[in-house]
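Peer 1: Show me the folded form of this:
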Amino acid sequence: MLLQLEEFSLRNASAVFLACAEIAIALLFVYAICRRSRHLLAAIGEARRYAAAMQDPGHLPPPPTDNGQRWMMRLSRALCWLLVGRIEVTGRENLQGLPTKSVIITPNHPSPYDVVVLPAVIDQKARYMAALGVMQALGGIGGLVVGPLGAFAANLDRGKGAPALRAAIRVLRSGQSLVMWPEGWTYLDGKIGPFKKGAVRIAKQSAEELGDATYIVPVSLTYGKYPGAKIMRLPIKLQYLLLVAGFPFFRRGVKVVIGKPIASNALPENDTEATELLKTTIVALGSH
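Peer 2: As a prediction, this is how the structure comes out:
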């Protein structure tokens, strides 16, 4: 009888032990999930805050790191190979030997692919002024992608460009290069559209604050094939979608001509005339 009681007690003890072990494992599992969930929720919250900040025109994120620069170069070259094809570059020496790093690189904007061509061509750290719509794309994912690469937003609506202008001047004052597209949005018919005055104003104002000349480097991009004027009747987002979706039809390479730098003190005092000079220079580069 005593033996039976002992066996019964051992069985009960074993059952209790196993039950406790199962409960402990379950609790540990729940704890791990909750902990991971907290980290995940924290990461999502951080991403949302970052995306919201990137949609604030003039907000300037930290410059790209060395690792970020390497990642951007690899991605740019891969996308160029996939979407564009051969890149023919002329005048690369015009980016070398400048007396200052406060340089504004100003290409025309004939394709959404420009944003992968330029990093591959200039092969150096730079900040990119991007349209606000880029940061807002896909619910803010656009900002999450381009922000770590050094980009910042500009509101292209008339009279709303002052915050981006001030951010651009901060970039130049800190000795960084700036890439901006004076046309704002793309012109998929292969023609150069009207230029905004931001580039020449930024060059002049930053030179005044630095007490030394800044430089504008004009760049011409000419692709082997364009969608044409008809696609420009569609909303801009749909234009981009159709071009990216139909990239095999437009993968005909691009010719890049980098012009000689224009010193800020060589620009006409009138901003309209200075902007027209910049546009005329880029048009001339494209005819080479």
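Peer 1: separation between residue 85 and residue 195?
Peer 2: Going from residue 85 to residue 195 by CB to CB, to the nearest Å gives 28 Å. Where you see a C-beta, it was placed from the backbone N, CA and C, and this is true even at glycine.
Peer 1: who has more neighbours, those two?
Peer 2: residue 195 (22 against 15; other CB atoms under 10 Å).
Peer 1: just checking, that one touches residue 281?
Peer 2: No. At 10.8 Å, residue 195 does not count as touching residue 281 under the criterion of CB atoms under 8 Å.
Peer 1: which residues touch stretch 237-244?
Peer 2: Residues outside stretch 237-244 that contact it (CB atoms under 8 Å, 6 or more residues apart in numbering) are 83, 111, 112, 133, 137, 186, 188, 227, 231, 232, 234, 250.
Peer 1: at 7 Å what do you get?
Peer 2: The contact list for stretch 237-244 (CB atoms under 7 Å, 6 or more residues apart in numbering) reads 112, 188, 227, 231, 232, 250.
Peer 1: ok, and the closest non-adjacent residue to residue 48?
Peer 2: Leaving aside its sequence neighbours, residue 48 sits nearest to residue 140 (CB to CB, 6 or more residues apart in numbering; 7.4 Å).
Peer 1: Can you give me the neighbour number for that neighbour?
Peer 2: So residue 140, with other CB under 10 Å, has 19 neighbours.
Peer 1: So for it, what's the pLDDT?
Peer 2: If you check residue 140, the pLDDT there is 79.
Peer 1: same thing with residue 35?
Peer 2: 59.
Peer 1: what's the answer for residue 4, then?
Peer 2: Residue 4 is assigned 43 on the pLDDT scale.
Peer 1: Begin at 451 from now on, thanks
Peer 2: In the new count, where the first residue is 451, that last one comes out as residue 454.
Peer 1: Okay, and the residue positioned nearest the centre of the chain sits in which element?
Peer 2: In the chain, the residue lying closest to the centroid (CA atoms, centre = their mean) is residue 596, at 3.3 Å. Per DSSP states H and E: residue 596 is located in helix 582-596.
Peer 1: That helix packs against which elements?
Peer 2: For helix 582-596, the elements it packs on are helix 452-504, strand 601-604, judged by 3 or more CB pairs under 7 Å, 6 or more residues apart in numbering; DSSP states H and E.
Peer 1: how about the helix or strand that comes right after the last one: buried residues?
Peer 2: Think strand 601-604. Next in sequence after strand 601-604, counting helices and strands by DSSP H and E, comes helix 612-623. Neighbour counts using 16 or more other CB atoms under 10 Å place 613, 614, 615, 617, 618, 619, 620, 621, 622 of helix 612-623 among the buried residues.
Peer 1: what bits of the chain have low per-residue confidence?
Peer 2: 451-494 (pLDDT under 70).
Peer 1: For the stretch 601-738 of the chain, which segments count as helices?
Peer 2: Assigned by DSSP state H, counting those that start in this stretch, the stretch 601-738 of the chain shows helices spanning 612-623, 648-660, 686-695, 697-700, 721-736.
Peer 1: Compute the inter-axis angle for the third one and helix 582-596.
Peer 2: For helix 686-695 against helix 582-596, the angle by axes from the mean of the first three to the mean of the last three CA atoms, to 10 degrees is 50 degrees.
Peer 1: ok now helix 686-695, how far from the chain's centre?
Peer 2: Chain-centre distance of helix 686-695: 18 Å, with CA atoms, centre = their mean, to the nearest Å.
Peer 1: Likewise for the longest one?
Peer 2: When distances are taken as CA atoms, centre = their mean, helix 721-736 is centred 25 Å away from the chain's centroid.
Peer 1: Stretch 631-651 too?
Peer 2: Distance of stretch 631-651 from its chain centroid, counting by CA atoms, centre = their mean, is 17 Å.
Peer 1: Can you give me the buried ones in it?
Peer 2: Buried residues in stretch 631-651, counted by 16+ other CB under 10 Å: 631-638, 640, 642-643, 645-651.
Peer 1: Good, wrapping up.
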